[in-house]
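Asks: Sharing a sequence plus its predicted fold:
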Amino acid sequence: MHPMQGGFVLLSLVLRRGMTHLAGKKPSKTEADMPAILTEIQTRLRQRAAYIRTRNALRDMPLDVAIDLDIYPYDADKLAAKAVYGR
């Protein structure tokens, strides 16, 4: 695995932060913000997954149901974005 990919970088940061803590040093701003960054990434990944599920459900909806709900299948992208992201 390339040293700048995924788990290796995170593990490296966690180990560095742990060593800094043991040495009695204050963690850097980047290290201190890591939990907030990870939470933001998790939130965005969950939103993206919800968007894809919603979009696919709207696209795969039977035509007669879509007509009853006044939904045009080609608007699935816009409708899913509004439902998940509020825009």
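Replies: Yes, it's here. Numbers count the residues shown, from 1 in each chain.
Asks: Who are the contact partners of Val84?
Replies: By C-beta atoms under 8 Å, 6 or more residues apart in numbering, the contact set of Val84 is Gln47, Ala50, Tyr51, Thr54. Heads up, the C-betas are built off the backbone N, CA and C, glycines and all.
Asks: Give me the secondary structure label for it.
Replies: Put simply, Val84 is helix when judged by DSSP: H, G, I helix; E, B strand; the rest coil.
Asks: Report the separation between it and Thr43.
Replies: Here the criterion is C-beta to C-beta, to the nearest Å. By it, Val84 lies 11 Å from Thr43.
Asks: cool, and Ile37?
Replies: In this structure, Ile37 and Thr43 are 11 Å apart, going by C-beta to C-beta.
Asks: returning to what we had before: buried by neighbour count, from the contacts of Val84: which ones?
Replies: Among the contacts of Val84, those classed as buried by neighbour count (16 or more other C-beta atoms under 10 Å) are Tyr51, Thr54.
Asks: Tabulate the contacts of Val84 (TSV), appending distance to Ile67, pLDDT and secondary structure.
Replies: Formatted as TSV, those follow (distance: C-beta to C-beta, whole Å; pLDDT from 0 to 100; DSSP: H, G, I helix; E, B strand; the rest coil):
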residue	distance to Ile67	pLDDT	secondary structure
Gln47	29	96	helix
Ala50	25	96	helix
Tyr51	24	96	helix
Thr54	19	96	helix
